[in-house]
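Asks: please find the sequence and the predicted model below.
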Amino acid sequence: MAQNPIRKTTRLRQLIERPGMVVMPGVYEPMSAKLAEQAGFDAVQCTGAGISAVYLGRPDYSMLAMSDMVAATARIAEAVDIPVMGDGDTGFGNAVNTWYAVQAFERAGAAGVNIEDQVMPKRCGHLDGKDVISFEEGVTKIRAAADARIDKDFVINARTDALATHGIEEVIRRGNAYLAAGASMIFVEGATSLDVIAAAVKGIDGPVGVNIVHGGKSATLDLAVLEQIGVARVSLPGILVQAAIKAMADVLGAVKTTGSVAGIADRLYGFHDLHNLVGMGQVMELEKRYLAPLKATLNEAAK
């Protein structure tokens, strides 16, 4: 008898809890997620900043509603077979909003979700000018998030931005309190040095995640070293959207400057590769299965 496939929620929890470190590229729509899966990554992280930039052309400033972010996440989760971590922002309000947000992300097919303790409207965690909610409100939000999940393996990734506002001791205090409230992992945002991360890993009694943002506060962090000091997960939230925007800007600039499309082929993803990536081969197989016999039957009937 065939065994039931492992749930994506369970797989993500296992990736976080196992020895070693899971690397999760930041994705912002189905194509970026497909490319990450094709490259061999075990899981991906939805990037709220990337989704806001691509869908709205606006900054990461709580401009996307919960329904918008959930819908974007559902499209990504449906496109790949690997686990997808959603970006739940601040829970889109208070603890009650957070409760509903977690259930919405779980229904959308996410394997987990980030919930952060910034004051709403939040901003990118690698920018200055952040502020965080009180310790008590942060704990209440995470408890609501943990209570709301139906699948107990659904990962609650409790993000704290307290490093920038209160320092590492508050990060550790909040991290342990969030774990006690039901979080699966603590995401220390805006980490600036290996010493800070090592202190967080040592002081927090559960899996610790960080991110690397090129141009942000953590661009020089090395993946191998992060794994050595015990980091459970690292996300790369901006790497794909920054790469895509740079590539588009370069190609558009070349065409505008030269007045020609000659010489840009090596900058483009292959035409047939693109169609294969989005599943055109399956469409053609379905055409052969259903449309070709129908056409033959209609032609025979017309004789």
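Replies: On my side now, so go ahead.
Asks: how close does L274 get to L35?
Replies: 11 Å (C-beta to C-beta, to the nearest Å). Bear in mind the C-beta positions are built from the backbone N, C-alpha and C, glycine included.
Asks: I meant to write A219 there.
Replies: For A219, the distance to L35 - C-beta to C-beta - is 22 Å.
Asks: more crowded one of L274 and L35?
Replies: Taking neighbours as other C-beta atoms under 10 Å, L274 and L35 compare with L35 leading, 18 against 12.
Asks: which residue ranges form the helices in this protein?
Replies: 8-17, 30-38, 48-56, 66-79, 95-107, 135-148, 162-166, 168-180, 194-203, 223-228, 239-258, 271-277, 280-286, 292-302 (DSSP state H).
Asks: including mean pLDDT, could the ones you listed go into CSV?
Replies: Converted to CSV, these look like this (pLDDT from 0 to 100):
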stretch, mean pLDDT
helix 8-17, 98
helix 30-38, 98
helix 48-56, 96
helix 66-79, 98
helix 95-107, 98
helix 135-148, 98
helix 162-166, 97
helix 168-180, 98
helix 194-203, 97
helix 223-228, 97
helix 239-258, 97
helix 271-277, 96
helix 280-286, 96
helix 292-302, 89
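Asks: which of those sits closest to D87?
Replies: Among those, the nearest to D87 by C-beta to C-beta is helix 48-56 (3.9 Å).
Asks: dump that closest one to PDB, keeping only the CA atoms.
Replies: C-alpha atoms of helix 48-56 as PDB (Å, rounded to 0.1, in the frame of the first residue of the first chain):
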ATOM      1  CA  GLY A  48       6.800  40.800   1.600                       C
ATOM      2  CA  ALA A  49       9.100  43.500   0.300                       C
ATOM      3  CA  GLY A  50       9.400  41.700  -3.000                       C
ATOM      4  CA  ILE A  51       5.700  41.100  -3.300                       C
ATOM      5  CA  SER A  52       4.900  44.700  -2.500                       C
ATOM      6  CA  ALA A  53       7.500  45.900  -5.000                       C
ATOM      7  CA  VAL A  54       6.400  43.700  -7.800                       C
ATOM      8  CA  TYR A  55       2.600  43.800  -7.300                       C
ATOM      9  CA  LEU A  56       2.300  47.500  -6.200                       C
END
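Asks: name the helices or strands packed onto that helix?
Replies: helix 66-79, helix 239-258 (3 or more C-beta pairs under 8 Å, 6 or more residues apart in numbering; DSSP states H and E).
Asks: among those, which is the most enclosed?
Replies: helix 66-79 (a mean of 19; mean count of other C-beta atoms under 10 Å).
Asks: what angle do that one and helix 48-56 make?
Replies: Angle, helix 66-79 to helix 48-56, by axes from the mean of the first three to the mean of the last three C-alpha atoms, to 10 degrees: 100 degrees.
Asks: quick one: helix 66-79 to helix 30-38, angle?
Replies: Using the same axes, to 10 degrees: helix 66-79 against helix 30-38 is 40 degrees.
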